[in-house]
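Peer 1: attaching a predicted model along with its sequence, questions to come.
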Amino acid sequence: MSTVQPVMSLEGVSKSFGSVTAVDDLSLTLEEGEFFALLGPSGCGKTTLLRVLAGFEMPDRGSVRLDGADITSLRANRRPVNLMFQSYALFPHMTVRSNVRYGLEMEKLPAPEIDRRVGEVLERTQLEEMANRKPDQLSGGQRQRVALARALVKRPRVLLLDEPLAALDKKLREEMQLELKRLQHDVGITFVVVTHDQGEALVMADRVALMKDGCIEQLGAPRDLYEHPQTRFVADFIGTTNLFEGRVAVGGVQLDGHGLLKADNEAETPVGEPAVIVVRPERITLHVKARPKTANAVKGTIADIAYHGQDLNVHVAVSGAGRHVQVRISTAQETSATYRIGQSVWCAWNPEHGRMLTR
């Protein structure tokens, strides 16, 4: 991606509501044509940050820039940025076509220009056959596409989406994740989506900013956050993970009762300080007969087995661990009949699949 000049940026932005700091001295750049996700738990500040980008909230400190120009003081209706609300906010008495036309008509553009742009966006969002229907005649996914079309027809520099898939059921939500990504790629507009769903962010985004307490805990490509978390919070929030708690030792982490566990990185704190080894469930293999020869292995007892169709989640009780170790096994390789509750097993993984964290 081009780094010559970001399409939009925040510099040292803070926003408080009374004694609560929602956004705390945050700086961020959005690149041209990228799909960017603001991810985090409720109350982390992601929606406030989105509203600052949109112009619905003015920051207490810091600046907002668009194409290098300071737009901090510009209200929402003066910014070439569109915010698509979670409720979609469609006009129920208008057809799909009229809903999409409305914003351009308010700008008093020439009718031929409106017709051309509306036609283009209806085609791109696959709404041509539904153009004369009203919102109550559409499915949830179709209504979402109308809201997107209405935002895109105004050709914003940046499109902001606040939990756009929250109202959809699981299957439709998964379909619309790919649909949104395809649409963003087709139109080439920078999308910024707010979500609390880490799976959604991993599927759709080019980059993800994981927020905590008004700050960005880690920023990077989805794979970076998943494979190389920088803190325990990131490791625990992004996907399912196993945390083996011990103390920094020469060459890895010393785990009481299980010896030295090696990782793909070195410790950032002195020997003896608290640390964890983070390992994803799909990276662990189960061994029944004897301790495997891999560098990392801990012994435990199967406490539960959950069948998920495409895979098994085997929960293993390990002495000294605060919670069960989860192991994800493809049912193409194993069946639930291979394992039983109460069975002794070794949980093993290669050092390159574990990451040492000290904060």
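Peer 2: Nice, thanks for sending it over. These numbers were taken from a predicted model, which means no experiment stands behind them.

Peer 1: would you agree residue 226 falls within a helix?
Peer 2: Yes: under DSSP: H, G, I helix; E, B strand; the rest coil, residue 226 sits within a helix.

Peer 1: run a quick neighbour tally on it.
Peer 2: Other residues near residue 226 come to 18 when the count uses other Cβ atoms under 10 Å. For every residue, glycine as well, the C-beta is placed using N, CA and C.

Peer 1: kindly report the same for residue 11.
Peer 2: Look at residue 11: counted by other Cβ under 10 Å, it has 17 neighbours.

Peer 1: next SSE after the helix or strand where it lies?
Peer 2: Using DSSP states H and E, residue 11 falls within strand 8-17. Reading on from strand 8-17 to the C-terminus, the next helix or strand found by DSSP H and E is strand 20-30.

Peer 1: circling back: chain center to the strand holding residue 11, what's the gap?
Peer 2: 20 Å (Cα atoms, centre = their mean, to the nearest Å).

Peer 1: what pairs with it, and is each one parallel or antiparallel?
Peer 2: strand 20-30 (antiparallel), strand 61-66 (antiparallel) (DSSP bridges).

Peer 1: C-alpha coordinates for the longest one, CSV please?
Peer 2: Provided in CSV are the C-alpha atoms of strand 20-30 (Å, rounded to 0.1, in the frame of the first residue of the first chain):
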residue,chain,number,x,y,z
VAL,A,20,-14.5,8.7,31.4
THR,A,21,-11.7,8.9,28.8
ALA,A,22,-13.1,7.2,25.7
VAL,A,23,-10.1,7.9,23.4
ASP,A,24,-6.7,8.5,24.9
ASP,A,25,-4.0,10.4,22.9
LEU,A,26,-4.5,8.2,19.9
SER,A,27,-2.7,8.5,16.5
LEU,A,28,-3.7,6.5,13.5
THR,A,29,-3.4,6.6,9.7
LEU,A,30,-5.8,5.2,7.1
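
Peer 1: just checking, next helix/strand downstream of that strand?
Peer 2: Counting by DSSP H and E, the element after strand 20-30 in chain order, helix or strand, is strand 35-39.

Peer 1: so residue 122 sits in a strand?
Peer 2: No: residue assignment for residue 122, taken from three-state DSSP, gives helix, which places it outside any strand.

Peer 1: correct me, but it touches residue 131?
Peer 2: Yes: using Cβ atoms under 8 Å as the test, residue 122 is close enough to residue 131 to be in contact (5.8 Å).

Peer 1: and for those two, which residues touch both?
Peer 2: Applying Cβ atoms under 8 Å, 6 or more residues apart in numbering, one finds that residue 122 and residue 131 are jointly contacted by 96, 97.

Peer 1: where do the strands sit along the stretch 151-300 of the chain?
Peer 2: Shown for the stretch 151-300 of the chain, the strands assigned by DSSP state E, counting those that start in this stretch span residues 158-162, 190-195, 207-212, 215-220, 242-249, 252-255, 259-261, 274-279, 285-287, 296-307.

Peer 1: which one of those lies closest to residue 41?
Peer 2: Ranking the strands of the stretch 151-300 of the chain by distance to residue 41, with Cβ to Cβ as the measure, places strand 207-212 first at 7.6 Å.

Peer 1: avg pLDDT for that closest one?
Peer 2: Per-residue confidence for strand 207-212 averages out to 96 on the pLDDT scale.

Peer 1: in terms of contact, does residue 78 touch residue 69 like I think?
Peer 2: No: using Cβ under 8 Å, residue 78 and residue 69 do not qualify as a contacting pair, with a distance of 11.9 Å.

Peer 1: neighbour-wise, which of residue 122 and residue 131 wins?
Peer 2: Per other Cβ under 10 Å, whichever of residue 122 and residue 131 has more neighbours is residue 122, with 21 against 17.

Peer 1: what does the pLDDT read for the spatially most central residue of the chain?
Peer 2: The chain has residue 201 as the residue nearest its centroid, 2.5 Å off, counting by Cα atoms, centre = their mean. At residue 201, the predicted lDDT confidence score is 93.

Peer 1: and what of residue 17?
Peer 2: Each residue has a pLDDT score; the one for residue 17 is 95.

Peer 1: try residue 1
Peer 2: For residue 1, the model assigns a pLDDT of 46.

Peer 1: in space, what's closest to the residue nearest to the centre of the chain - neighbours in sequence excluded?
Peer 2: residue 37 (4.0 Å; Cβ to Cβ, 6 or more residues apart in numbering).

Peer 1: surely the one you found is in contact with residue 193?
Peer 2: Yes: in this structure, residue 37 sits in contact with residue 193. The criterion is Cβ under 8 Å, and the distance is 5.2 Å.
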